[in-house]
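# Structure, please.
(chains A and B)
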Amino acid sequence: MIKALRGTKDILPDEITLWDYIENTGRDIFNIYGYNEIRTPVIEEASLFIRSIGDATDIVQKEMYVFSDRGGRNIALRPEATASIVRACIENSLFHAGGVTKLFYTGPMFRAERPQQGRQRQFYQIGVEAIGSDSPFIDAEVIAMAIKFLEKLGIKKFHIKVNSLGCQKDKASVMEKHKESFRPHLEKLCADCKGRFEKNVLRIFDCKKDSCKVIAENVKTESALCGDCAEHFKQVKHGLDLLGVKYIEDHRIVRGLDYYTKTVFEITQEDLGAKDAICAGGRYNNLVKELGGKDTPAIGFAFGIERLALALAKPSSLACPERSRGKPRASSPNVFIAVAGERLYNEAFRLLNDLRKAEISSEMDYESKSLKAQMRRAEKIGAKFAVIMGEEEFKKGKVILRDMEKHSQEEMDLKDIVMKFKKVGIVL
RNA sequence: GUGGGUGUAGCUCAGCGGUUAGAGCACUUGACUGUGGCUCAAGGGGCCGGGGGUUCAAUUCCCCUCAUCCACCCCA
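Residues are numbered from 1 along each chain as shown, chains lettered A, B, ... in the order given. From the prediction side, this is the model:
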């Protein structure tokens, strides 16, 4: 039997309503803030991601799906959307002169990782990009919007962590400062952390080993941000205060993509297990230029939709647990036509078609099942009414209309059925 | 890539070195000769993940493999 590939999943009809809810809520919120939707291809030239995310990063080195197409082109399945969107903006001249281009997106991303809770190989993100301003107000606004999205969804128990990596020049000295503060303890760190020291110092802060934790907690690194970046970060925090955003300043926040500069942030949620980051983002002031556009500052974030769905499925994560969106039902028909006597199938089939033509959702069974079985089916799929066609009534041109919820029924003319439902004006 | 857990009916899971592998839910049929939800009864469904080994005998024990879940690395 052929099965879905490792790390991929079918999103079944029962879950789709939850996904629609997440995506539609995002659309509503992002629209309010002036963002327009964009859809870019799932495949791109691999070099786009190598140049943007960084060729030394794990995402590019170990996780990117890369292949040669029939024309020998080097293709990658996108591991994230930002690079594609920047590419699309440059290619289609979407930048507003002197203004901010605000875009949002939703769609599948691909990373060849080992699956675990909240992590798949094909996963979905919903996110935004605001391109064209370095104003700290934008930073604060974008973060506030992410929170608004979570609040609107009804998710609670999340935490916002912010940090600044500084500009391109600062990034090197920030890392150097951290290295300096760890250097005296280098011998006492675990083997993994010794590797991290060279590769990515900040990861030492995330080490699970107690011995490393103790060292990390006591290490104090002085700020290495230049004057401009320090001031920018201060303004961002001021903006967040103005908007009433409660955040934690965490100098250990570091993103796995090379293009980030200055402000970076992360939102975690308590009920998600090991993969608790529900949203991450930050500034990427050099990326547009790096990809061949004009020197343009930008900022964005991405939410993991599976992780949002995971949180929404846990009543403990919801502001209103009673309105849990764990298992929404697929759509149910308004009318089920039950037929007693196979000779009436033609009439029933015709009525079914008439109802549907009148845009009244309806179903019937073609399997010659017993009336009891048909009624059970009607109940099962949540039909609001049953039209029962029997030989006796049909001779008089009549059928039985049964209200499934009220458990009551009446005889009426077959020709009036469609009109009857139109008058009742059933709404799903 | 590394470590641990789990693979038995459509679903959730029992089970045991030894007749014909079970339960609940779901499904079908009947009690109710033309009416759903409750009850009761009957019935259909299983390469016990795959391969190899030990044994008189393996779904059960051992090895390998695959899948899956969780965790690590890393990340949304």
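
# Apart from its neighbours in sequence, what residue is nearest A:Glu391?
A:Gly341 (4.9 Å; C-beta to C-beta, 6 or more residues apart in numbering). Where C-beta positions appear, they are placed from N, C-alpha and C, glycine not excepted.

# can you check A:Arg27 too?
Per C-beta to C-beta, 6+ apart, closest to A:Arg27 is A:Glu37, 7.0 Å.

# what does A:Ile381 give?
A:Ser332 (5.5 Å).

# how close does that neighbour sit to A:Met404?
10 Å (C-beta to C-beta, to the nearest Å).

# and what of A:Gln122?
For A:Gln122, the distance to A:Met404 - C-beta to C-beta - is 40 Å.

# what's the overlap in contacts for A:Ser332 and A:Met404?
A:Ala383, A:Lys384 (C-beta atoms under 8 Å, 6 or more residues apart in numbering).

# So which bits of the stretch 201-350 of chain A are right by RNA strand B?
Taking C-beta under 7 Å from any atom of the strand as the criterion, the stretch 201-350 of chain A approaches RNA strand B at residues A:203, A:206-208, A:254-257, A:266, A:273-275, A:277-280, A:302-304, A:306-307, A:340.

# now the residues you listed: which count as buried?
Neighbour counting over those (16 or more other C-beta atoms under 10 Å) leaves A:203, A:207, A:254-257, A:266, A:275, A:278-280, A:302-304, A:306-307, A:340 as the buried ones.

# Low-confidence bits of the stretch 1-150 of chain A, can you list those?
Under the criterion pLDDT under 70, no range of the stretch 1-150 of chain A is flagged.

# Around RNA strand B, pick out the residues from it.
So the stretch 1-150 of chain A meets RNA strand B at A:3-7, A:9, A:57-59, A:63, A:80, A:111, A:113-120, A:123, A:125 (C-beta under 7 Å from any atom of the strand).

# Could I have the buried ones of the residues you listed as PyMOL selection syntax?
Per 16+ other C-beta under 10 Å, the buried members of these correspond to this PyMOL selection:
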select buried, chain A and resi 7+57+59+63+80+111+113+118+119+120+123+125
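
# re earlier: and the gap between the residue nearest to A:Ile381 and RNA strand B?
11 Å (C-beta to the nearest atom of the strand, to the nearest Å).

# tell me which element that residue is part of?
If you go by DSSP states H and E, A:Ser332 is not part of any helix or strand.

# Relative to RNA strand B, which residue of the stretch 101-250 of chain A is the closest?
Closest to RNA strand B within the stretch 101-250 of chain A is A:Gln117: 2.8 Å, counting by C-beta to the nearest atom of the strand.

# end-to-end on stretch A:388-405?
One end of stretch A:388-405 to the other measures 15 Å (C-alpha to C-alpha, to the nearest Å).

# Does RNA strand B have contacts with it?
Yes: residues of stretch A:388-405 are located near RNA strand B by C-beta under 7 Å from any atom of the strand, namely A:Ile388, A:Gly390, A:Glu391, A:Glu392, A:Glu393, A:Ile400, A:Arg402, A:Met404, A:Glu405.

# A:Glu180: what's it in contact with?
Contacts of A:Glu180 by C-beta under 8 Å, 6+ apart are A:Thr221.

# repeat for the one 5 residues further on
Neighbouring residues of A:His185 by C-beta under 8 Å, 6+ apart: A:Ile215, A:Val219.

# my read is it is in a strand, agree?
No: counting by DSSP: H, G, I helix; E, B strand; the rest coil, A:His185 is not found in a strand; it is helix.

# Give me the pLDDT for it.
Looking at A:His185, its pLDDT is 85.

# A:Glu359 too?
So A:Glu359 comes in at 92 (pLDDT).

# next one: A:Arg323
On the pLDDT scale, A:Arg323 gets 60.

# And the helices in the stretch 51-200 of chain A?
A:58, A:82-91, A:136-153, A:168-182, A:191-199 (DSSP state H, counting those that start in this stretch).

# Including distance to A:Tyr105, could the ones you listed go into a markdown table?
Converted to a markdown table, these look like this (distance: least, C-beta to C-beta, whole Å):
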| stretch | distance to A:Tyr105 |
| --- | --- |
| helix A:58 | 23 |
| helix A:82-91 | 7 |
| helix A:136-153 | 14 |
| helix A:168-182 | 26 |
| helix A:191-199 | 31 |
